[in-house]
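Student: starting from these lines, generate the structure:
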Amino acid sequence: MGKPSHQRRLADTEAQAVVKSLRISPQKLNLVAGLIRGKKVDQALAELEFSEKRIAGDVRKCVMSAVANAENNHALDVNDLIVAEAYVGKNLVMKRFHARGRGRGAAILKPFSQLTVVVRQVEEEKTEKKKAAKKSAPKAAAKEAK
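Tutor: Next up, the predicted model:
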């Protein structure tokens, strides 16, 4: 199996960071990754800082690394970045032995995960227009209802 034959190419307005071996199950990591998808970078970092999940600190480091890559390698403006993608993949599974009764044994599976964070630069005008449209839509609907 291995890697797919074609890796996704990043656009000029994107940067990414990858953490290869996080000692947590992919399902648990995906819960934390879901918190930051689609949010502005500063909001995502604040969300991770106050999250009570154990892995949130490592995810925060990955987001900060993606921001540093965007700033230093791609010359993007840090204030206009959003977390475009945050996806989780399986990695190896470490197997351990647990002795049970009557001479039997059981396997303990200790999964590892891989996290990829892609940040994208967006213009402020687009995000402000979307917010303005969302705010005016309920008001217009309320006026028509009266």
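
Student: packing partners for the longest strand along the chain?
Tutor: In terms of residue count, the longest strand belonging to the chain (DSSP state E) is strand 81-99. Where contact means 3 or more CB pairs under 8 Å, 6 or more residues apart in numbering; DSSP states H and E, strand 81-99 is packed against strand 14-22, helix 26-36, helix 41-49, helix 56-72, strand 105-121. Backbone N, C-alpha and C define where each C-beta goes, glycine included.

Student: ok, and for that strand, which residues are buried?
Tutor: Along strand 81-99, the positions that meet the burial threshold by neighbour count (16 or more other CB atoms under 10 Å) are Leu81, Ile82, Val83, Ala84, Ala86, Val88, Asn91.

Student: the second one contacts Gly38, correct?
Tutor: Read that as Ile82. Yes. At 6.7 Å, Ile82 counts as touching Gly38 under the criterion of CB atoms under 8 Å.

Student: would you mind naming the residues that bridge with the residue sitting nearest the centre point of the chain?
Tutor: Geometric centre of the chain, nearest residue: Ala86, 2.9 Å, by CA atoms, centre = their mean. With DSSP bridges applied, the residues forming beta bridges to Ala86 are Val117.
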